[in-house]
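> Quick one: sequence plus predicted model below, questions after.
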Amino acid sequence: MMYNIIMHKAKNVLYLVLFLAVTIGMGVSVYFSIADEKNADYVVETNVPFTPFEFYQDRKIVGVDVDIVNRVASKMKKTIQIKNVEFDVIIDNVEAGRIADAGAAGLTITPAREAKVNFTIPYYTSVQYVIFNRESPPPLRDDHVVWEALAGARIGSQIGSTGYLFVDSEIKDGVLSQSGATIKGIDSHQLAADAIQAHIVDYAIADELVAKFIIEKNPGLDALPLYYAGTTREDDYPVEESYAIAVNKDRTELLEAFNEVLSEMLVKNENGETEIDQLVLKYMGLTDE
Amino acid sequence: MENKNTDLKIKGLRKTFGKNKVLNGIDFELTEGERVVILGPSGSGKSTFLRCINWMEEPTAGKIIFDGEEVTEKNIERLRRNIGMVFQHFNLFSNMTVMENLVLAPVKLKLMKRKEAEKRAMELLRHIGLPSKALSYPSSLSGGQKQRVAIIRAMMLSPEVLLFDEPTSALDPESIGDVLSLIRELADHGMTIMIVTHEMSFAKEIATRVVFIDKGRIIEEGTPEEFFSNPKTERVREFLKKVL
Amino acid sequence: MNNFFSKLAELFSTPEYIDSLLHGFLLTMQISYFALLIGLILGTIIALIDTAKPSKWLVLPKFICRVYVGVIRGTPMALQLFIMFFVIFAIKGFPSIIIAIVAFGLNSAAYMAEVIRGGILSVDTGQTEAGQALGLSGFTIFTKIVAPQAIKNIIPALGNEIITVIKETAIVSMVGMYDLNMAAKDIGSGQNMASYIVPMFVAALFYLATIYLITFIVKQIEKSLRKSDLRVEK
């Protein structure tokens, strides 16, 4: 019986040691992941992935927006942390200013957003693209698609993105109203494209660069720019949007620094390219390696 | 016998469960060496009476005085150490071996060292013929074996009084005899006993006093000879006619 | 289908992708482990208060516990996570992993409390009474008699809760944390594989393997506890 009790005790001690070892091991690993999150002077929120502006590389957020933010940080001699959050919450968090001072996530300037935050000067102009299955393309107009071609279709887009907002407003009171077209908000651009192949939606709307990435890796898909129809075919004009960085209305020093950096980066060189253009190419080219 | 000290006095004991009045003022005294059998129809409050004595149920009103000290919530554990209880459903600790069941209380209450308690437990187990069950779990014991272990578990604390709450009601007829003879043996050694039972012949044989409870009151009490052959009240006559 | 398998092969032959999945998996485990630890401790406290004998000192604590369990169980985890991140812990620079652990820990506590409460109530009151009749203290009765029996009854449901929490932590990707689910999204994104289906599938395999392992361990514990239940003399 003594033997039994001793064995029992030994087993319990073993379990306790095992438990403590696991707990301490886990605790240390958590400690190190916390140590990564340094206490920064400013927090800029973003939404990953939105290549080439922000995406993960070895689980670190990199991209054009990150380079801009880093440039601002060194100019101001302050530390700025970049934080990945849901796209939908960025504007609200920047407006509140409690956990974020700015948002850099390929944000398009809209009046509703401008009411809540200050925007920097636009630093990139993107065209909206329609992604579709090669086997069932929408009616084309040469090298582009016009809104009218999407009548009656099921259209997917990343919820809260500019593409989503465009489609939503066209369905509510624009070209697509009464056409039977529907919008489906999907978790990300990528999933919206996957949804075409799963026949959940007919087309997906995304920014030019995102769309180009997606069709490059998915041979079954193609994408063309989305245009507003003019009176003649030559008068058609693209659905454009301009990206800017959203800054909390009280952080004027941050807004000024961003604008300063952006104007530097938007100076054209002898080839007519800006530094931003070069960065876009650099981060896009990353995948060609 | 008459000069012995009174161990236990109960005055005006009342117990209500919600609106249900179960005990309606019971006065009772217990003297050392007595063997009191409590009889009564079902629902008369006899089990509740027994359970109130060691505060399994907290009395609604009334006093319980044990060894000259009034029992309250504060000194209840001392009282229980001296008043053992045996339950209808044995209530052996199912997560422990028989041995652990026996030594838990004396060791935890620091009445004995573990070795000492184990030795005493083995003696008692041998006495009831179950030494081989020391390391068994209760689930492998028969009803009669469980109840006998439960009785010696109570005896491990050497209580002054032992309360039995229908100790044989959940047993098959064969086991009843074993349990009753163990109780009888305790009685022969001068143990003070209170027992609620339906075993009339056993009651007649063992009791020094019979108490009849109905509707939460003591209706009649007396020696077993008086009670069984010459009951004073109509209610008891009626009851005896049914059960004998 | 061919496409699926070639993408699967691509994923498994790319060390960076595997590395990302493992990093994501670590975060999933970190959050789950500490959340479950908090849940177990807090859940036990709540269950103890809830099952304690009523007294005037416990009226308020009991009420608070009941409201707490009701609110947590009555609202979606995703909303609780958002409230934690964007309302309660809306503090600049506060580590996300701590917020996530607290959010899931507080959530799990409510469920654990119900499981533990059920386990305690499943122990026959006769066991407590027998302990009282022997003059044992409430503490001894609980630790030596009620708790060991309750634990045996609790184990299966507890295993269930562990599994639920591990899977539910997948929603931390909604607040930008790099867990297993986010790793799948990352690998599936434009600059990587540009297809969600295969990485999602592989992440699901990770969850499945983990949960299979935990189910196995819980079954072993259950078995060893049952054995002692029926052990006969040597």
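Thanks, I have the structure now.

> For chain C, which segments count as helices?
Using DSSP state H, the helices found in chain C span residues C:2-12, C:15-51, C:59-74, C:77-83, C:96-121, C:125-133, C:138-140, C:147-168, C:180-188, C:197-230.

> Put together TSV for the ones you listed, with distance to chain A, mean neighbour count and mean pLDDT on each row.
For the C-beta atoms, the positions are set from N, CA and C on the backbone; glycine is no exception. Shown next, in TSV, are those (distance: least, C-beta to the nearest C-beta, whole Å; neighbours: other C-beta atoms under 10 Å in any protein chain shown; pLDDT from 0 to 100):
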stretch	distance to chain A	mean neighbour count	mean pLDDT
helix C:2-12	8	13	85
helix C:15-51	5	20	95
helix C:59-74	22	13	96
helix C:77-83	8	16	93
helix C:96-121	6	22	95
helix C:125-133	21	20	94
helix C:138-140	18	13	91
helix C:147-168	12	19	94
helix C:180-188	5	26	89
helix C:197-230	6	15	88
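
> is it possible to export these to a markdown table including distance to A:Phe119?
Output for the helices of chain C, formatted as a markdown table (distance: least, C-beta to C-beta, whole Å):
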| stretch | distance to A:Phe119 |
| --- | --- |
| helix C:2-12 | 39 |
| helix C:15-51 | 33 |
| helix C:59-74 | 39 |
| helix C:77-83 | 25 |
| helix C:96-121 | 27 |
| helix C:125-133 | 68 |
| helix C:138-140 | 64 |
| helix C:147-168 | 37 |
| helix C:180-188 | 28 |
| helix C:197-230 | 34 |
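
> out of those, which comes closest to B:Glu118?
When those are compared by C-beta to C-beta, helix C:138-140 sits nearest B:Glu118, at 18.4 Å.

> Any idea what the residue in the stretch 51-200 of chain A positioned nearest to chain C is bridged to?
Taking C-beta to the nearest C-beta, chain C has its nearest neighbour within the stretch 51-200 of chain A at A:Asn84, 3.1 Å off. Beta-bridge pairing of A:Asn84 under DSSP bridges involves A:Thr46.

> Give the burial count for it, as a bare number.
20 (other C-beta atoms under 10 Å in any protein chain shown).

> which residue is nearest the middle of chain A?
A:Phe50 (3.7 Å; C-alpha atoms, centre = their mean).

> Do you know the pLDDT at that one?
pLDDT recorded at A:Phe50 is 83.

> Quick one: residues contacting the nearest residue in space to it that is not next to it in sequence.
Among residues not flanking A:Phe50 along the chain, A:Gly106 sits closest, at 5.2 Å (C-beta to C-beta, 6 or more residues apart in numbering or on different chains). Residues near A:Gly106 by C-beta atoms under 8 Å, 6 or more residues apart in numbering or on different chains: A:Phe50, A:Phe53, A:Glu54, A:Asp65, A:Tyr124, A:Ser126, A:Thr162, A:Asp207, A:Tyr243.

> Pick out whichever of the residues you listed sits closest to chain B.
Nearest to chain B among the contacts of A:Gly106, with distances taken as C-beta to the nearest C-beta, is A:Glu54, at 57.2 Å.

> circling back to that earlier point, my guess is the residue nearest to the centre of chain A meets A:Val210, correct?
Yes - counting by C-beta atoms under 8 Å, A:Phe50 does reach A:Val210; the two are 6.9 Å apart.
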